[in-house]
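> Everything below, folded, please.
(one chain, ligands or ions: 2)
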Amino acid sequence: MKIREMQDEILRLKKENDICILAHSYQAHEIVEIADFTGDSYALSKLAATVPNKTVLMCGVRFMAETVKMLSPEKKVILSSPIAGCPMAEQMDKELISIAKEKYSDYTVVAYINTTAELKTVCDVCVTSSSAVKIVRALDSKNILFIPDCNLGAYIASQLPEKNIKLLNGGCPVHAAVTKKQALKAKELHPDAKLLVHPECRPEVTELADYIGSTSGIMEFAKASEDKEFIIGTENSIAEHLQYECPDKKFYVLTKSLICENMKSTTLADVLACVKGEGGEEIEMSDELIASARKCIDKMIELGG
Ligand code: 13P
Ligand code: SF4
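Ligands and ions are numbered 1, 2, ... in the order given. This is a model prediction of the structure:
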């Protein structure tokens, strides 16, 4: 089957079966084309509670599908690729955080949304990369324990010197693998390009950037900018999407290795199987887990606006 035929079949079946397709912006272009909504983690979380359809198909990674389920427990939520986890979300478990909470007993525990539902049960509030600074600033507490991404945490700390932010040693293996040398090389190859970097990259990389922001922040910045050339320091699909949207500008990847295999494990064939009711994995969570884990997501939406 050709790509166009598969897409037409997906569009027909999702309508017939009352399915809403949500795609994170790291998905491939052909998936973004058939999605009802595409966005960053924050936009998708907010949308999750409002979509009218009976079934939501999440083309992204597991914690994103879990977030949809928590915010809309009455809906059938399907993760497009059962193997699509986020390695960072699995890095820390409840026991580790419980020990840290004993040590930092008067700290507010702020979790990046890239965490398991289980871990969210022991945290006070979630953030995404686009909402983190705003939410942490709005917290009454000066003392913050931020988990699991120490690079995003260091970025938040640099923006909020009035807060006392403790970090643990976690992070995104894809973004954290980008080196200063690679960033300098990309700047040397494209001297007229602005460098736009996700805060999951290491501080030695973000400090070379002209702009630091979430996936949607990077896209908005590039689209609105008067500049014509950009080096994209996040998952390489963002450079591809931007090139489609802004054909008069040039987008370069920071390094060819900036690819999230988990995000990319969803194929158009997977999406087709899911809308036929044959593929993916239905997200199952107990009522207790949902009630306990969603508190910090509700708080994120309350403070994030
Ligand atoms: P955003 O919050 O920018 O969507 O990023 C999610 C993610 O997984 C980045 O690696
Ligand atoms: Fe997780 Fe990193 Fe992939 Fe984002 S890019 S989903 S943080 S592994």
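> can we go C-alpha only for contacts and neighbour counts from here?
Fine.
> how close does the residue in the stretch 51-200 of the chain that ligand 1 sits nearest to sit to S214?
Going by CA to the nearest ligand atom, ligand 1 is nearest to S129 of the stretch 51-200 of the chain, at 4.4 Å. From S129 across to S214, the span is 5 Å (CA to CA, to the nearest Å).
> Do any residues in the helix or strand hosting Y244 lie close to ligand 1?
Taking DSSP states H and E as the definition, Y244 sits inside helix 237-245. No: contact of helix 237-245 with ligand 1 (CA under 6 Å from any ligand atom) is absent, the minimum separation being 10.3 Å.
> So is that helix next to ligand 2?
No: against ligand 2, helix 237-245 shows no contacts by CA under 6 Å from any ligand atom, the least distance being 10.8 Å.
> who touches that helix?
Residues outside helix 237-245 that contact it (CA atoms under 8 Å, 6 or more residues apart in numbering) are 25-29, 215, 219, 222-223, 232, 249-253, 259.
> Mind doing that once more with 6 Å?
Taking contacts as CA atoms under 6 Å, 6 or more residues apart in numbering, the residues outside helix 237-245 that touch it are 26, 232, 251.
> By neighbour count, which of the residues you listed wins?
Using other CA atoms under 10 Å as the neighbour test, these are led by I232, with 31 neighbours.
> That residue in helix, strand or coil?
Put simply, I232 is strand when judged by DSSP: H, G, I helix; E, B strand; the rest coil.
> where's whatever residue of the stretch 1-150 of the chain ends up closest to ligand 1 relative to K181, distance?
The nearest approach of the stretch 1-150 of the chain to ligand 1 comes at D40, 3.4 Å away (CA to the nearest ligand atom). From D40 across to K181, the span is 28 Å (CA to CA).
> higher neighbour count, these two?
A direct count of neighbours by other CA under 10 Å for D40 and K181 places D40 higher, at 18 against 11.
> so who does the more buried one touch?
D40 neighbours (CA under 6 Å, 6+ apart): 24, 215-216.
> out of those residues, who's near ligand 1?
Answer for the contacts of D40 near ligand 1 (CA under 6 Å from any ligand atom): T215.
> Quick one: neighbours of whichever residue of the stretch 201-305 of the chain sits closest to ligand 2, just the number.
The stretch 201-305 of the chain approaches ligand 2 most closely through C260 (4.6 Å), counting by CA to the nearest ligand atom. For C260, the neighbour count with other CA under 10 Å is 21.
> now do K75
18.
> show me the contacts for it.
For K75, counting by CA under 6 Å, 6+ apart, the contacting residues are 54-55.
> now L145, which residues is it bridged with?
On the basis of DSSP bridges, L145 is bridged to V109, K166.
> Check whether the residue nearest to K276 when sequence neighbours are not counted sits in a helix, strand or coil.
The shortest distance from K276 to any non-neighbouring residue, by CA to CA, 6 or more residues apart in numbering, is to L13 (6.8 Å). Using three-state DSSP, the three-state assignment for L13 comes out as helix.
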